[in-house]
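In: Give the three-dimensional model of this entry:
(one chain, ligands or ions: 2)
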Amino acid sequence: DPYCNDPRRHAALKPASVKPFNAELPPSLLVESFLTPNELFYVRNHLPVPEVDVSAYELEIEAEGTKKTVILTYEELKKFPKHTVTATIMCAGNRRSEMTKVKTVKGLDWGAAAIGNATWSGARLRDVLRLAGIDEDSKEFNHVQFEGLDMDPTGKPYGASIPFWKAVDKRGDVILAYEMNGQPIPRDHGYPIRAIVPGIVGARNVKWLGKIVVSKEESDSHWQQNDYKGFSPSTDWDTVDFTKSPAIQELPVISAICKPSPGQTVTVVDNHILVQGYAWSGGGQKIVRVDVTIDGGNSWHVATFDHQDETPSPQHWAWTLWSARIPIPKGSKNIEIWAKAVDSSYNTQPESFKNIWNLRGVLSNAYHRVPAELKW
Ligand code: MTE
Ligand code: MO
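Out: Residues are numbered from 1 along each chain as shown. Ligands and ions are numbered 1, 2, ... in the order given. Sure, this is the predicted structure:
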């Protein structure tokens, strides 16, 4: 069993699959804290968790076409100026279980908790690339590829790439992280070194980083080329051509109601109920508003932000936690709560899944709708 050396996991993580291990928290626990505790952070693994001995760890950095390779050990990476960012990581398939109800999609049946927020510390990728002799103004390179130390049975590693400009941008905050919330990165989240690419889809935040290739082309990995792309609702598995869509990088604005959770009975207090959730947008856009309705959009209530970082757009990497006290008309028994967020570019969420449906169930960011039964 290639998975026999996987780490132990917290009992609160609900598996979407066990081998490889993929799991999320119940949504009500997700919004308990602004920083998601390490052991409660969702896990998305495609392969067995590699066992890495840090004393033997080496990160290889290659600039394509130069035959020059730089090798850095764990200790050497720790000698770079330490940079800390608070960044939310979200899987492109977060909230897929709602999209698949419209019409079946292929992928793990994620609820609304394939997302987490943490502080990450490490060396800036731009500093490491500079040491490796790469000029940030170079026109030679378009992408930075990452390879994981986790491999499929044929020996092919997990891989992904990000645009070169993001990798070297002073304000891009891309780091080679060795700490998560002040602790060494746990095995499930990429021990000992993980790429943190704030504002960019989870899939490019490569764990167990083994190699970096600065290149003209994107990563040729399955996950960059033939997965994690969006398509028209009318594209099906017979007509899909993965070369025709760009790989997802920045994610669109999203929100979710985490309390109450779907189907939960809610007690009305002083003719009000309390609704809580998160909102986040990719590309470093800050959330500027969250709207909540219980009457199908006839009247909207603006949520209060319980926790939002001060950092401005486009460096606003962390999620916003929000709550709203919603007045309930006398005698209401069953309601449906809807939420939608607006980001600093005034982008907002689409109303329904029907018109954003795609065969892989990614970018699943329609209004979140949670039915609730009221108790007076
Ligand atoms: N990196 C490696 N090496 N292998 C993986 O399977 N999964 C990716 C990304 N990085 C993955 C990886 C995906 S799809 C996501 S959503 C995030 O890691 C999940 O990060 P987490 O498990 O720390 O929450
Ligand atoms: Mo993912």
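In: Now stretch 110-127: buried residues?
Out: 110-118, 120-126 (16 or more other Cβ atoms under 10 Å). C-beta: built from backbone N, CA, C; applies to glycine.
In: what two of the residues you listed have the greatest distance between them?
Out: 111 and 126 (35.9 Å; Cβ to Cβ).
In: okay, residue 263: pLDDT?
Out: We note a pLDDT of 82 for residue 263 in this prediction.
In: for the residue nearest to it when sequence neighbours are not counted, helix, strand, or coil?
Out: Spatial nearest neighbour of residue 263, excluding adjacent residues (Cβ to Cβ, 6 or more residues apart in numbering): residue 371 at 6.5 Å. Using DSSP: H, G, I helix; E, B strand; the rest coil, the structure places residue 371 in strand.
In: ok, now which ones touch residue 371?
Out: Contacts for residue 371 (Cβ atoms under 8 Å, 6 or more residues apart in numbering) come out as 262, 263, 334, 335, 336, 337.
In: Give me the buried subset of those.
Out: Counted by 16+ other Cβ under 10 Å, the contacts of residue 371 give 262, 335, 337 as buried.
In: Which of those fall in strands?
Out: 335, 337 (DSSP state E).
In: okay, the buried ones among the contacts of residue 371 in TSV with distance to ligand 1 next?
Out: Formatted as TSV, the buried ones among the contacts of residue 371 follow (distance: Cβ to the nearest ligand atom, whole Å):
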residue	distance to ligand 1
262	22
335	32
337	27
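In: what's residue 203 sitting at in phi/psi?
Out: Backbone geometry at residue 203, expressed as degrees, to the nearest 10, gives phi -60, psi -20.
In: What residues does it make contact with?
Out: 91, 92, 160, 223, 227, 228, 248.
In: before we move on, back to that, now intersect the buried residues of stretch 110-127 with the helices, please.
Out: If you go by DSSP state H, the buried residues of stretch 110-127 have 125, 126 in helices.
In: near ligand 2, from the buried residues of stretch 110-127?
Out: Of the residues in these, proximity to ligand 2 by Cβ under 5 Å from the ion holds for none.
In: Nearest to ligand 2 among the buried residues of stretch 110-127?
Out: residue 114 (7.0 Å; Cβ to the ion).
In: Could you measure from that closest one over to residue 97?
Out: Separation of residue 114 from residue 97 (Cβ to Cβ, to the nearest Å): 10 Å.
In: What of residue 136?
Out: 41 Å.
In: Look up the closest residue to the residue of the chain found nearest ligand 2, ignoring the ones flanking it.
Out: In the chain, the residue found nearest to ligand 2 is residue 91; the distance is 3.3 Å by Cβ to the ion. In space, and not counting its chain neighbours, residue 91 is closest to residue 114: 4.0 Å by Cβ to Cβ, 6+ apart.
In: Would you mind pulling the contact partners of stretch 136-148?
Out: 47, 50, 63-65, 125-126, 129-130, 134, 157-164, 166-168, 195, 204, 206-219.
In: which of the residues you listed are close to ligand 1?
Out: 47, 158, 206, 207, 208 (Cβ under 6 Å from any ligand atom).
In: buried subset of those residues?
Out: 47, 158, 206, 207, 208.
In: and those, which two are the farthest apart?
Out: Among these, 47 and 206 lie farthest apart (Cβ to Cβ), at 12.1 Å.
In: before we move on, back to that, list just the nearest of the buried ones among the ones next to ligand 1 among the contacts of stretch 136-148 to residue 292.
Out: Among these, and counting by Cβ to Cβ, the member closest to residue 292 is residue 207, at 34.9 Å.
In: most surrounded residue in the contacts of residue 203?
Out: residue 160 (28 neighbours; other Cβ atoms under 10 Å).
In: Ignoring the adjacent residues along the chain, who's closest to that one?
Out: residue 204 (4.5 Å).
In: before we move on, the earlier item: quick one: the residue of the chain closest to ligand 2 from residue 153, how far?
Out: 24 Å.
In: What of residue 376?
Out: 58 Å.
In: The two - which one has more neighbours?
Out: residue 376 (11 against 8).
In: Not counting its neighbours along the chain, what's nearest that one?
Out: Residue 376 sits nearest to residue 268 (Cβ to Cβ, 6+ apart), 5.2 Å away.
In: Buried ones in stretch 85-104, by neighbour count?
Out: Buried, per 16+ other Cβ under 10 Å, within stretch 85-104: 85-100, 102.
In: The stretch 251-376 of the chain: strands as residue ranges?
Out: Under the criterion DSSP state E, counting those that start in this stretch, the stretch 251-376 of the chain carries strands at the ranges 254-259, 265-267, 272-280, 287-293, 301-302, 304-307, 320-327, 334-343, 368-375.
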